[in-house]
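**Student:** 3D model of this:
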Amino acid sequence: MSKMYDNFNVDDGIRRIGVNTAGDYIELSLTDVTLFERFTGLLDWFETKQEELNRFGADFKARHADDIDNTKAVVEVIHKRTELFTECCKKIDEVFGEGCCKKVFGNIIPDELPIMDFFEQVTPIMQRMAMERGEKIKTKYSRNRKGKQRSKDELIADFKARNAAGELTDGGTEV
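**Tutor:** A predicted model of the protein is given here:
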């Protein structure tokens, strides 16, 4: 039988974000190197698609200006919008996790108003997460933490000061 020597936990960077009054949440990881790129890519994609939808609307009006019965034309617009917002929900779920849209919007395909509201509310959260990540990296790789370019005497003095301040316990293991 083997004896466990020691253990450790690596910070997964998971942050929970509440998304509705029922208590549902999404989980995002600060350590996911693709998260912020996927999020900004989603915002760029949505902006491009909105411009395409606006152009489609303008072209639509020109194509159907003389139609007496515009039922087919209305169905064409509805179909185009449904396609766009269905694809948008898939992309939101790709960035924020499977089921995000169901938690946020319910059992519907939302139009641009709730989607824009979602983006407006989640963007500052993503910005704070990016700042938090930057601070963690800055702290983790600071000169004081790594002992970079410090003499043995400086390291010993720092150890003694931190130990006296109660920052260290268990023979010098950081808490």
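
**Student:** residue ranges in the chain under the pLDDT threshold?
**Tutor:** Within the chain, the ranges that satisfy pLDDT under 70 run 61, 65, 67, 69, 142-150, 168-175.

**Student:** mind listing the helices for it?
**Tutor:** 35-63, 71-96, 100-105, 112-140, 143-146, 152-164 (DSSP state H).

**Student:** just put those helices in JSON lines and tack on distance to residue 24 and mean neighbour count.
**Tutor:** (Glycine included, C-beta is placed from N, CA and C.) Shown next, in JSON lines, are these (distance: least, CB to CB, whole Å; neighbours: other CB atoms under 10 Å):
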{"stretch": "helix 35-63", "distance to residue 24": "19", "mean neighbour count": "13"}
{"stretch": "helix 71-96", "distance to residue 24": "12", "mean neighbour count": "15"}
{"stretch": "helix 100-105", "distance to residue 24": "4", "mean neighbour count": "20"}
{"stretch": "helix 112-140", "distance to residue 24": "14", "mean neighbour count": "14"}
{"stretch": "helix 143-146", "distance to residue 24": "37", "mean neighbour count": "10"}
{"stretch": "helix 152-164", "distance to residue 24": "42", "mean neighbour count": "11"}
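
**Student:** want to try a markdown table for those, with distance to residue 22 as columns?
**Tutor:** Putting these into a markdown table (distance: least, CB to CB, whole Å) gives the following:
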| stretch | distance to residue 22 |
| --- | --- |
| helix 35-63 | 24 |
| helix 71-96 | 17 |
| helix 100-105 | 8 |
| helix 112-140 | 16 |
| helix 143-146 | 41 |
| helix 152-164 | 45 |
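
**Student:** of all those, which lies closest to residue 11?
**Tutor:** helix 112-140 (8.1 Å; CB to CB).

**Student:** so which elements touch the closest one?
**Tutor:** Helix 112-140 sits against strand 14-18, helix 35-63, helix 71-96, helix 100-105, with contacts defined as 3 or more CB pairs under 8 Å, 6 or more residues apart in numbering; DSSP states H and E.
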